[in-house]
Every structure is written in structure tokens, then in C-alpha cells.
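1. have a look; sequence and predicted model below, questions after that.
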Amino acid sequence: MTKQTELSTAKAVSIPKIKTGIYGLDEILHGGIAQGRTTLVVGGPGCGKSIMGLEFLYRGAVTGEPSIFVTFEERAESVRSNALTLGWNLAPLEQKEKFFIMAVNLDPEIIISGNFNLTGLLAMMEAKASAMGAKRIVIDAIDVLLRVFDDPARERNELYALHNWLLDQQMTSIITAKTVREEALVTRYEFLDFMVDCVIRLGQHSVDQITTRRLQIVKYRGSGFSRNEYPYVIDEGGLSIIPITATSLNHQAPGPQISSGQIRLDSILAGGYRQGTSILIGGSSGTGKTTIASTFVQAAYQRGEKVIYISFEESQTALVASMLGAGIDLRPAIEADRLHLLTAMPESMGSEEHLLRALRAITSFQADHVIVDAISAARRIGSEQAATEYATRLINKCKEWGVTCFLINQTTGFERRIQSITNLGISSLMDTVIFLRYKDTGGELNRLLLVMKSRGSNHSNQYREFLITDNGINLLDVYVGKGEVLTGVARQEKEAAEAIEDRLREQAIKKKEFEVNQKQIFVIGESARLEAELEADMIELNALRLEDERLIQGRNIRGSMRGEDPNSNRLTANDSDSDSDNQVDDQGGK
């Protein structure tokens with residue numbers, strides 16, 4: 001058997017895993033943490049190490065799996081209080097013996113010497129685990145326990161003893177430890193990374209005064225895992241990670257066409273938008289991007305659909321008031337709970353918190369469509385990369401859920417040339433791109449609309465003059481005049497001049513048509529006169545022929561009656577003239 005055949009026929013066997021129940025973490029871990037093995041969670045202060053361990057136990061206890069939380073830093077009451085801030089009530093679980101907090105309070109000043117070891121602590125944990133039937137355990141802040149030994153060799157020995165005990169008990173465990181910057185302390189505990197089966201690193205990064213938490217799986221024995229860094233948030237629901245880990249896209253197929261709310265816009269889009277697709281509306285400030293989006297919101301409300309409107313630039317009151325000036329009233333949609341506005345300053349939180357907030361709103365509201373106004377403001381979240389990640393993850397989730405995603409982007413300047421419609425590198429992810437721009441002609445500024453692309457549709461490729469009126473938006477007919485596209489007064493003047501030229505041409509054509517008609521009448525009259533003369537001549541000629549035939553016929557009859565020889569050289573009508581000449585000659589000869 002060849003090596004290639006062996007590789008193709010080999011079948012991998014997955015290790016048993018337990019789901020953590022933490023949103024997004026199991027996806028990154030390709031199913032959860034290893035059952036009966038140890039996972040190390042390391043990170044600096046405030047990264048959420050204890051929260052991750054506590055949530056892992058809480059999710060298991062809720063489903064009926066007894067769990068033990070061992071802490072060397074906090075009192076049991078503090079753990080309960082902190083859990084309540086995340087929405088986790090541990091007291092009922094403790095009463096049912098599904099959850100137990102073992103708080104081991106160590107004096108930070110104490111240094112243990114002599115023959116002390118962890119045998120007693122392990123015996124306590126074993127007894128409690130046996131009584132509860134617990135197979136999940138978290139040992140929080142193991143570095144605090146190790147510190148009291150003040151001997152690196154003893155620290156390693158005791159930690160290996162703890163690790164072996166966990167394996168013997170077949171406990172699925174999480175150990176948390178702090179990371180420190182001092183090199184001496186880093187090397188002191190680095191053996192932990194090699195001892196455990198899985199290492200999860202948590203960290204915080206600050207860019208432009210915006211702090212983002214990041215998670216990375218450093219290693220995972222016996223399992224595949226996603227290796228990138230992933231943003232995560234800690235809020236009242238616990239710890240949440242929003243990864244993009246799939247090796248294949250799971251986007252739904254585009255749904256049926258839905259109206260934009262403006263009949264002419266639907267026409268140039270070859271029927272409207274497609275449900276579940278991504279639409280980008282880009283243009284300079286004031287070109288009407290929000291107005292187009294609000295027109296769609298109004299149409300969606302009338303169809304009974306739900307919309308989440310994420311606004312980074314205007315409050316709900318300001319948005320509603322500004323749209324009233326364009327004849328678009330969003331209040332009925334809000335009052336009917338068909339439109340929910342999610343407003344926030346971009347700088348108020350990191351990109352992952354903004355994204356999680358948006359996704360939770362979409363799922364809880366059961367939205368059919370989501371609008372982000374404006375995605376360009378997302379760069380203020382912290383960096384252009386953060387804004388790109390926010391947009392990419394939002395588009396990806398919306399396509400997986402079949403939710404139509406509108407992104408509004410503000411470009412800079414009044415430029416005519418289309419260079420980068422987003423400046424975020426996400427144009428290729430968009431199914432439909434509508435570009436709005438100004439045109440300065442004859443001292444006035446007018447708006448133009450162009451559908452740059454719309455996948456799967458035979459959309460118009462022509463610029464249209466775009467108007468915002470008191471009764472909503474309107475698109476004028478395609479400009480078909482000579483030269484470049486004109487708008488506003490310049491277009492009106494040009495069209496008026498062309499209309500005059502058209503009327504002059506029409507008059508010239510009518511004049512020429514009259515002249516031609518008169519000539520036709522003259523020609524027809526002359527033709528009739530000539531035909532009449534010809535007919536008279538033909539009648540006269542025919543009469544002469546008849547008279548000639550009559551004379552000959554009479555002569556022949558008389559000759560017959562007088563006994564003329566039939567074989568005589570009788571004259572015919574054609575020979576009458578020559579016969580007369582012969583008669584004259586004969587008489588002369590006689």
C-alpha cells in the first residue's frame with residue numbers, strides 16, 4: 001500500500017469533548033474542551049479568566065452536571081455577588097448540590113515551609129466531588145497557591161501532583177493563572193503551558209484609547225482548533241466570542257425581490273433588492289443615503305417586516321425629525337414595534353461589543369433587515385481594522401441568517417471618480433452597490449444616482465438625477481441629450497433648447513411635406529391630363545382603322561356580287577394605297 005493510499009484511507013478519531021456553553025468558544029475549540037483533561041486559561045488582570053471558568057461551571061450545573069469552583073483569591077460571597085451581576089444565581093444551584101464554592105483564603109504574607117503539601121486540599125476536593133458526583137472543576141488563581149511555597153522546585157512538584165490527581169479523578173478541569181510582564185516570573189510558571197492539554201490566552205489591547213479583549217487558543221492536544229485571535233466581550237450575559245472560523249461559507253441563497261420603496265429605483269434595480277443580501281449605499285454627505293434607507297424602512301413597515309436601524313451618528317429623535325422634512329414618517333413603524341433604533345457613539349465601546357450588541361438585537365427583535373448608518377463612522381471604534389472586522393462579521397452573520405444588511409458609507413469630497421466606495425475593503429462582499437454623488441453645473445449642486453453593481457440582475461448602468469422632495473425621493477428619466485449628463489437648471493435649459501430645436505425641425509418637416517404633397521398633386525394632375533389626351537388619340541386612331549376596314553369590306557362585297565374572279569389580286573386593307581397606284585397605271589396603259 002502506498003503512502004498516498006494510507007493517507008486517503010486513514011480515519012481520524014476525535015477525543016471526547018464537553019461543551020463549555022460559552023457563546024462562540026466551542027466553535028473555536030471545534031466542539032468544546034477535552035473531557036477528563038486539564039485546560040489552562042491565562043491572562044492579565046481584568047481579562048475574564050475567573051468569569052470564563054465560572055461560566056463553564058454554571059452552564060454545566062444548569063443542565064444538571066455538578067460542579068466545584070475552587071478559588072484562592074475571593075470569598076464565597078463575593079463569587080456569588082459577582083455571578084449575580086452576570087445574571088447567574090448560584091444559590092439555588094448550591095441548595096440542590098449542583099454547585100459548590102470552595103474558597104481557600106491564604107494570607108498573602110504567609111510562606112509555607114517544611115513538609116507541607118497539597119494532600120489535604122486534594123482530599124477535601126475529592127470528598128466533595130465524590131459526594132456531589134462532580135466531574136467539572138475550576139481551580140481559580142493557581143498562581144496564588146503556588147506563591148506560598150516560595151520554592152520553584154516545590155511549586156512544580158505540587159502542580160504535577162494536582163494535575164495527576166485531576167487525571168486520576170477523570171475531572172474535566174480549568175486552571176486559571178495570571179500572566180505577568182516580568183521575565184523572571186514568566187519563566188517561573190511557563191511549565192504550566194507544557195503540562196496541560198489545552199492553553200487559552202486572554203489579553204487586552206488598547207488602540208487610540210479603545211480597549212479590545214482578545215482570545216487565542218495556543219495549543220490543544222488531540223484536537224484541531226482555530227488559531228487566530230478573536231475579540232470577545234464580557235457583559236451581563238457572560239463571556240461572548242464572535243469568531244469567523246468556518247472553512248466554508250454557510251450563507252443562505254438570496255431570497256425574493258423586495259421593493260426599495262421607490263418605483264423608479266426598483267425599475268433600475270431590475271425589480272428591487274434581494275432578501276438576505278448585502279447592500280451598500282455610498283456617497284458624500286447630504287447626497288441622500290439615509291433618505292434612501294429610510295424609504296426602504298417605510299416600505300418594509302408597510303409589508304409587515306421588521307428592521308433594526310443601527311445609528312452611529314444620529315439619535316432616534318433627530319433621525320425621525322430629519323426624515324419628516326423629506327416626507328418620510330418613521331413614527332408609525334416605531335410605534336408598531338416594526339422599527340427598532342440602536343444608537344450609540346462609536347467610541348463608547350470596542351468593535352466586538354458593538355457587534356455583539358447588534359447581533360443580540362437582531363435575534364431578539366427577529367429582524368428581517370438591518371441598517372448600519374454609517375459604517376464609515378465605525379472607524380472611530382478604534383482602528384480601520386476594527387471597523388473592517390465589525391462590518392465583515394456583521395455581513396457574514398446576516399447572510400447566514402437570511403437578514404438583509406444595508407451599510408451606509410460616507411465618502412469624502414464631491415469627486416466624480418469612483419475610487420474606493422468604502423475605504424474598508426468590503427466592497428467585494430456587497431451584492432448591491434448604489435453610489436450617490438454631486439454634480440456642479442451652472443452654479444448649482446445636484447445629485448446623481450448610479451447602481452454600480454447588483455448581482456444576479458440586469459440593472460441599469462445609467463446615471464439618474466436624484467431628487468429629495470417634500471413627498472420623498474424621486475428619480476428623473478435618463479438624460480438622453482447630447483454630450484455629458486446634465487442636471488438641474490442646466491438640464492432644463494438644455495432640454496428647453498432641444499425642445500425648440502425639435503419644434504423647428506417639426507415645422508420644417510411639415511413645410512417640406514406640404515411642398516412634396518403639392519408636387520404629388522401636380523404630377524398626378526399632369527399625368528391624368530396626358531392620359532386623357534392619349535386616350536382621345538387612341539379613340540381617334542381606332543375610329544380611322546374601323547373606317548378603313550369598313551371601306552375594304554364593302555369593296556369586297558361588291559366585287560363578289562359583280563362576279564369578280566376570286567383569284568384576282570384583291571386589295572387588302574394594308575395594300576389599299578399601293579392598289580390605288582396600280583389602278584392609275586393600268587388606266588394610263590389602256
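-> All right, it came through fine.
2. got the buried residues for stretch 281-291?
-> Within stretch 281-291, the residues that qualify as buried by neighbour count (16 or more other CB atoms under 10 Å) are 281-284, 287-291. In this view, the C-beta of every residue, glycine as well, is placed from N, C-alpha and C.
3. could you export the residues you listed as CSV, including secondary structure?
-> Below are the buried residues of stretch 281-291 laid out as CSV (DSSP: H, G, I helix; E, B strand; the rest coil):
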residue, secondary structure
281, strand
282, strand
283, strand
284, coil
287, coil
288, coil
289, helix
290, helix
291, helix
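4. rebuild those as a markdown table, extending it with pLDDT and distance to residue 504.
-> Listed next are the buried residues of stretch 281-291 as a markdown table, based on pLDDT from 0 to 100; distance: CB to CB, whole Å:
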| residue | pLDDT | distance to residue 504 |
| --- | --- | --- |
| 281 | 93 | 43 |
| 282 | 90 | 43 |
| 283 | 90 | 40 |
| 284 | 87 | 40 |
| 287 | 90 | 38 |
| 288 | 92 | 38 |
| 289 | 93 | 43 |
| 290 | 94 | 45 |
| 291 | 95 | 40 |
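5. nearest to residue 334 among the residues you listed?
-> Proximity to residue 334 was ranked across the buried residues of stretch 281-291 by CB to CB; first place goes to residue 290, at 15.8 Å.
6. ok so, going back, now the buried residues of stretch 281-291 as TSV including distance to residue 223?
-> Formatted as TSV, the entries for the buried residues of stretch 281-291 read as follows, by distance: CB to CB, whole Å:
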residue	distance to residue 223
281	43
282	43
283	48
284	51
287	51
288	52
289	46
290	47
291	51
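7. how about the contacts made by the spatially closest residue to residue 85 that is not a sequence neighbour?
-> Counting by CB to CB, 6 or more residues apart in numbering, residue 85 lies nearest to residue 236, which is 7.1 Å off, once chain neighbours are set aside. By CB atoms under 8 Å, 6 or more residues apart in numbering, residue 236 lies in contact with 85-87.
8. give me the helices and strands touching the helix ranked longest in the chain, please.
-> Secondary structure of the chain per DSSP state H: the longest helix is helix 488-561. Of the remaining helices and strands, those touching helix 488-561 by 3 or more CB pairs under 8 Å, 6 or more residues apart in numbering; DSSP states H and E are strand 432-441, strand 444-454, helix 576-589.
9. got the buried residues for stretch 462-481?
-> Per 16+ other CB under 10 Å, stretch 462-481 contains these buried residues: 463-468, 472-473, 475, 479.
10. helix or strand for residue 392, just tell me which one.
-> Taking DSSP states H and E as the criterion, residue 392 maps to helix 384-401.
11. report the rounded mean pLDDT for that helix.
-> With pLDDT averaged residue by residue, helix 384-401 scores 87.
12. so the very next helix or strand once past that helix versus helix 384-401, what angle?
-> For helix 384-401, the following helix or strand on the C-terminal side (DSSP H and E) is strand 404-410. Between strand 404-410 and helix 384-401, the angle formed by their directions is 160 degrees, by axes from the mean of the first three to the mean of the last three CA atoms, to 10 degrees.
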